[in-house]
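# Please work out how this folds:
(chains A and B)
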Amino acid sequence: MNITLQVWRQDGPGVTGGFKTYQVTDVSPEMSFLEMLDLLNERLTNQGEEPVAFDHDCREGICGTCGVMINGQAHGPQLGTATCQLHMRKFQDGATIVVEPWRATGFPILRDLVVDRSAFDRIMEAGGYITVDTGSAPDANLIPVPKPVADTAFDAAACIGCGACVAACPNGAANLFTAAKVSHLNLLPQGQAERWTRTERMVEIMEEFFGSCTNHGECEKACPKSISIDFIAMMNADYVKAKFKNRRLLAQRG
Amino acid sequence: MQLDAKVPEGAIDEKWENHKFDVRLVNPNNKRKFKIIIVGTGLAGASAAATLGELGYNVEAFTFHDTARRAHSIAAQGGINAAKNYHNDGDSVFRLFYDTVKGGDYRSREANVYRLADASLAIIDQATAQGVPFAREYGGLLDNRSFGGAQVSRTFYSRGQTGQQLLLGAYSALMRQVEAGTVKVHTRAEMLDIVVKDGRAVGIVVRDLVTGEVTSHSAHAVVLATGGYSNVYYLSTNAMACNVTAIWRAHRKGAAFANPCYTQIHPTCIPASDEFQSKLTLMSESLRNDGRIWVPKNADDKRPPNQIPPEDRDYYLERIYPAFGNLVPRDVASRASKRMVDAGKGVGPLENGVYLDFATSIEREGKQTIEERYGNLFEMYNRITDENPYEVPMRIYPAPHYTMGGLWVDYNLMTTIPGLYAIGEANFSDHGANRLGASALMQGLADGYFVLPYTIGDYLADYLNTEPVPTDDPAFSEVRSEVDERVKGYLATHGSRSVDWFHKELGKIMLDQCGMSRSEAGLQKALSDIPALYEEFKSDVKVLGSDDSLNQSLERAARVEDFFELAQAMCVDALNREESCGGHFREEYQTEEGEALRDDENFTNVSAWEWSGDPANPTLNVEPLDFEYVKLTTRSYK
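Purely as a prediction, here's the structure:
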C-alpha cells in the first residue's frame, strides 16, 4: 500500500507547530498503525530528518500510552480499538491520513504527537483509591460481592487511561475517565466508606483541568474499551447526593 | 566477592517469622528521617513505594512513563496464584512452595520461595480490599481457575486483565500516598546510572525525558523495580520501552547479576507477520486447555488447514507427550514447536507458526461455550491477524516473555551493593530456571507489599540521624558527567544506521543462538558476532535531534547499548551452565527423547556474575543451593 500522511509536527511545548506531508510507500496491510509510523521514522532517520515523536509502549491495547487523532477520530476508525491495535488493512491503498495529537486544552502538547496527560493523575490523587494500609485487609472472602456488581465494577475498571474520551469530546471534558474511576470504587462494598468524599473531590479536581460534559456521547464511541456513558450518569447522581451527604456529615461533626 | 544469602535459621515455615523478629526496626517517628528512592512503578515498585510511604518513610519514585500506571505489569493476562485453598482441593502454602520449586527445575532458593508462597495469602486480601475486581462466583465469593504446572485451582483472575487490575490497585495506593505527601512521583524521568560512595548505594542520576536535563537524587537506600530484559531479543511480548539499563548500570557498579541465561519463551504468541513487526502479542496459555496443536505431516503440504485431512496432520504434543498432551509446561511446548518449524513444517505466509486448532472443542462443546471461555482472546486474535479462529485454526509460535535471571539478592532482597535493593522481575530469586504461569504478579506484589518494607529497616537502622550524601558531592558529579558524555556521544557519532536497526540485528543473533535452544558452537558464534556488531554500533549509530528536548531515538540508543553488554553476559552464562534446566536448554545435554537433562551434581547452584570491565569476561561467583524440603527429581510430562 501507499499512504499519504499529514502529520502534526511541533518542536516543543508552546512552540508553533504545523502539518507536514509525507509519502509512505510499500506499507504492508499487516502492519499496525504504529508500525507504519515506525517505518516512516526509520526512513526519516535515514534521510536525516528527525523522526516523529509519538507515545506508545505495550502495543497490545492495555497500557493506554498510545493514542493519536486519525482523520479526526481518536484512535482512528475501528470501534473499541486503541491505535496500537489498528491495522493498515483498515485503510484504502492511496489514502491520505491526517495524524494529530490528542486535541484538548487539558492535554498540552509536549512534542509532535506526544501530549501531557498528568492531569489524570491529579484526579486520581484526589480520591481514586480505597484507604487500606498494607497488611490491614481482612480475609478476601469476608465480604461477598454479588457477581453482577463485581462485573459492572470491572466494566468501569477496564479504563486504560489513554485520554481518547477527552480528545474526542467537543468540550474537552474528562467525565468518562473520571466516571469510570469513581464508579469502579463506588459500586463495590469496599468503596462505600469514602464514596461521597471521593466523588466530590474527584469531580471538582476534574473541573479544574477539563471542560464540562454536555452529553454528546463522543467519548463512548472513541473509548478503546467501549466504556459506557451510563457511568457518567452514575457519577453525576453520586455527585449531587454527595453535596447533601457531605454537608450533613459536616454538621454532625460540628 | 562474598555471597551471603543470609537465609535465617529454623524450619522452613519458621524462617520468615524468626527473621521478622530478628531484623531491626525503625521507630515510627524516625521513619520520616529516611529517604528512599524507588525506580520503576510496576507492581513491585508501586506496591513498595505505597507501603513504605504508609509506614512514614520519605519516598521518591521514578518512572520513564508519563504516569505510574503504564508499567508492563499491566499486560499480564492470566492471573495470580495464592494458596488460599478456597476450593478445598488440598492446596496449602507448602504445596504452592513445592510446585514453584519443582516448576523452576530446582534452581531457586527454597527459603525465598516458601516466603513467597506464604505472602500469597495476604496479597489477595490486600488487593481485594483495594477494590481489585477479581472474578466472582454467583454467591459473591472469589472464583479460581487452574494453570499450568499445578493440580489445584489457585489462580485468582480478573477476566484476561489481571495484571492491569492489580497494577491499578497498587497505583491507587501510590496515588493516595502522593496526596498524603509521603511519596513524590517523578514521571518521564529515566534513571541512567546509580551512584555508589564508600561501597554503598547513595543515589541515582536521572534524565528528564522532556527537557533532557540530567539531575542527581540522593537517598539512604535505592530500590530497583525495573522489570525484566526480554527485549534484548527485540521481538518479545514485552512493551517497547522495557529495558535492562537500570539493573545493568547497577551491575557495572558492583551488583552481581545472577543467571542471566534463564529466560522464558512463552509457547502461545501470534507469529511475526512481516519484517516490520515491532513486538509479539501473547495469547493466554489457557487456550491450550481446548486447542489442539498440530502441523502438516509433510513439510511440502501447502493446503489450507481445513483441507488437510486428519491423517495428514501431526498432533505432535499429543503424540510425543501422551500423558500431558497439549498441556505440557511452557518450555517443553516451546521447544517442540521450534523443532517442527525448523524441520520446515511451519505454517502461515512466513511458515513461522504452528496451528492451534479449536475445531474439536467447538464440535464437542459448541461454539457458544468456547466463546464464553475465550471470546476476548479470539477477538484479539482476529483484530491482529484478520482471521476468524472459530473457522480457521489459530497460528501460534513461541516468543520471549519473561526473564528469571536478574540482580542477585540475599534473603532481604539486597544486592551485593549495600543499600541497593532489587525487587520483582528485576531480581533473580524466586523462579529458578522456569517461572510457572500466574507467579510473576505474585512475586512482584510479595516483594513490594510484604517483604521489602520489613527488610529495608534493618539496613537503614545504621544510618539513623545521618543525612543522605549531598548531590554536589564528587561521587554524584562524576557520574552525572559520565551520563552527560554518554548521551552526547550518541548524538556526536553521526553514523549511518538507526538505533532500531542495531537492536533488530542483535535480537536476531540472540534468538538464534541464545533463545529456545543453545549449543556451544552457537554461543561461541554469538560471542564473536555480538562484539563485532557492538563495535559497529559505537561507530555507526545515527541519532538525530538534540539532547535538550524529547528525543525518543536518543532514549533507545542508551537502552540498546546496555543490551549489547547484557547479551554477552547471557551467552557467557549459557555457555558456562553445561546442563539443561527449565528455560535453559543446551543441545548437548538432553535425554535420548530430546528432553532437558540437568546436572545436579555440578549445577545445583546460582551463577552470580561480577562485572570485570569486559562484558565478555565477567567473574563467576557461585551460590550453592540446598534442597532440604523438596527432593530433586526429573521432571517428566509423558
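# Let me know how buried the residue of the stretch 151-254 of chain A found nearest chain B is, in neighbour terms.
Shortest the stretch 151-254 of chain A-to-chain B distance, computed as C-beta to the nearest C-beta: residue-wise this is A:Phe154, at 4.1 Å. Using the backbone N, CA and C atoms, a C-beta is placed for each residue, glycine as well. Residue crowding around A:Phe154 was assessed by other C-beta atoms under 10 Å in any protein chain shown; the count is 20.
# which SSE is it in?
Of the helices and strands defined by DSSP states H and E, A:Phe154 is found in helix A:147-157.
# try A:Phe120
Assessed by DSSP H and E, A:Phe120 sits inside helix A:119-125.
# tally of neighbours for residue 90?
Looking at chain A here, since you left the chain open. 15.
# hmm, I had chain B in mind actually
Using other C-beta under 10 Å, B:Gly90 has 9 other residues around it.
# nearest residue to it other than its sequence neighbours?
Computed as C-beta to C-beta, 6 or more residues apart in numbering or on different chains, the closest residue to B:Gly90 that is not its neighbour in sequence is B:Val152, at 6.2 Å.
# can I assume the residue of the stretch 151-254 of chain A closest to chain B is in contact with B:Thr162?
No. Using C-beta atoms under 8 Å, A:Phe154 is not in contact with B:Thr162, being 11.0 Å away.
# all strands of the stretch 51-200 of chain A, in order?
Counting by DSSP state E, counting those that start in this stretch, the segments of the stretch 51-200 of chain A that form strands are A:69-70, A:73-74, A:96-100, A:109-111, A:114-115.
# Which one, of the ones you listed, ends up nearest to A:Glu200?
strand A:114-115 (27.7 Å; C-beta to C-beta).
# Show me what that closest one is in contact with.
Applying C-beta atoms under 8 Å, 6 or more residues apart in numbering or on different chains, the set of residues contacting strand A:114-115 from outside is A:53-55, A:101-102, A:104, A:107-109, A:163, B:550.
# got a winner among these for most neighbours?
Greatest neighbour count in these, by other C-beta under 10 Å, goes to A:Asp55: 28 neighbours.
# Which residues of the stretch 501-638 of chain B lie near chain A?
Along the stretch 501-638 of chain B, the residues adjacent to chain A under the rule C-beta under 8 Å from any C-beta of the partner chain are B:501, B:542, B:544-545, B:549-553.
# Likewise for the stretch 201-350 of chain B?
Contact residues (C-beta under 8 Å from any C-beta) of the stretch 201-350 of chain B with chain A: B:210, B:239-241, B:273-274, B:276-279, B:281-282.
# make it 10 Å
The interface of the stretch 201-350 of chain B toward chain A, taken as C-beta under 10 Å from any C-beta of the partner chain, is made up of B:209-211, B:237-242, B:270, B:272-282, B:349.
# Now which of the residues you listed would you call buried?
Buried residues within those, defined by neighbour count using 16 or more other C-beta atoms under 10 Å in any protein chain shown: B:209-211, B:237-242, B:270, B:272-273, B:276-282.
# where in the stretch 51-200 of chain B is pLDDT low?
Counting by pLDDT under 70, the ranges of the stretch 51-200 of chain B that qualify are B:148-149.
# quick one: the strands in it?
B:58-62, B:80-81, B:155-156, B:183-186, B:189-197, B:200-208.
# now the fourth one, how far from the centre of its chain.
Read it as strand B:183-186. 24 Å (C-alpha atoms, centre = their mean, to the nearest Å).
# Can you list the helices and strands that it packs against?
Other helices and strands packing on strand B:183-186, by 3 or more C-beta pairs under 10 Å, 6 or more residues apart in numbering or on different chains; DSSP states H and E, are strand B:35-39, helix B:43-55, strand B:58-62, helix B:162-180.
# Need the winner for burial among the ones you listed.
Neighbour counts averaged per stretch over those are highest for helix B:43-55, at a mean of 31; criterion: mean count of other C-beta atoms under 10 Å in any protein chain shown.
# got the angle for it vs strand B:35-39?
Orientation check (axes from the mean of the first three to the mean of the last three C-alpha atoms, to 10 degrees): helix B:43-55 against strand B:35-39 gives 160 degrees.
# So is helix B:43-55 next to chain A?
Yes. When contact is scored as C-beta under 10 Å from any C-beta, part of helix B:43-55 falls within range of chain A: B:47-48, B:50-55.
# sorry, back to before: I'd like to know which of the contacts of strand A:114-115 is nearest to B:Pro329.
In terms of C-beta to C-beta, no member of those lies closer to B:Pro329 than A:Asp55, at 36.5 Å.
# Would you confirm that that closest one contacts A:Arg117?
Yes. Here A:Asp55 reaches A:Arg117: they are 8.9 Å apart, a contact under C-beta atoms under 10 Å.
# what's the overlap in contacts for these two?
When contacts are counted by C-beta atoms under 10 Å, 6 or more residues apart in numbering or on different chains, the set common to A:Asp55 and A:Arg117 consists of A:64-65, A:67, A:102, A:162-163, B:66.
# Switch these over to a markdown table; also include distance to B:Gly325.
As requested, those are arranged in a markdown table below (distance: C-beta to C-beta, whole Å):
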| residue | distance to B:Gly325 |
| --- | --- |
| A:Gly64 | 38 |
| A:Thr65 | 39 |
| A:Gly67 | 42 |
| A:Trp102 | 48 |
| A:Cys162 | 40 |
| A:Gly163 | 45 |
| B:Asp66 | 45 |
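# State which helix of chain A is the longest.
In chain A, with assignment by DSSP state H, the single longest helix is helix A:230-253.
# So which elements touch that one?
Applying 3+ C-beta pairs under 10 Å, 6+ apart, we find helix A:230-253 packed against helix A:147-157, helix A:175-187, helix A:195-209, helix A:218-222.
# Need the residues that contact that helix.
Contact partners of helix A:230-253, identified using C-beta under 10 Å, 6+ apart, comprise A:152, A:155-156, A:159, A:165, A:173, A:175-184, A:186-187, A:195-204, A:206, A:213, A:215, A:217, A:219-220, A:228.
# How about B:Asp473, nearest residue that isn't a chain neighbour?
B:Lys197 (6.9 Å).
# Give me the neighbour count for the one you found.
For B:Lys197, the tally of surrounding residues (other C-beta under 10 Å) stands at 16.
# Can you tell me which of the shared contacts of A:Asp55 and A:Arg117 is nearest B:Asp301?
Within the shared contacts of A:Asp55 and A:Arg117, the smallest distance to B:Asp301 is 42.1 Å, found for A:Thr65 (C-beta to C-beta).
# Check what pLDDT the closest one gets.
Looking at A:Thr65, its pLDDT reads 98.
# which residues does it contact?
A:54-59, A:82-84, A:114, A:117, A:160-162, B:65-67, B:69-70, B:74, B:239-241.
# redo that, cut-off 6 Å
Counting by C-beta atoms under 6 Å, 6 or more residues apart in numbering or on different chains, A:Thr65 makes contact with A:55-57, B:70.
# Buried ones among the residues you listed?
Buried among the contacts of A:Thr65 by 16+ other C-beta under 10 Å: A:55-57, B:70.
# Could you list the domains of the chain?
Assuming you mean chain A. Using automatic domain parsing, the domain parsing of chain A gives A:3-111, A:117-253.
# Let me rephrase: I mean chain B.
Listed by automatic domain parsing, the domain ranges of chain B are B:267-400, B:474-598.
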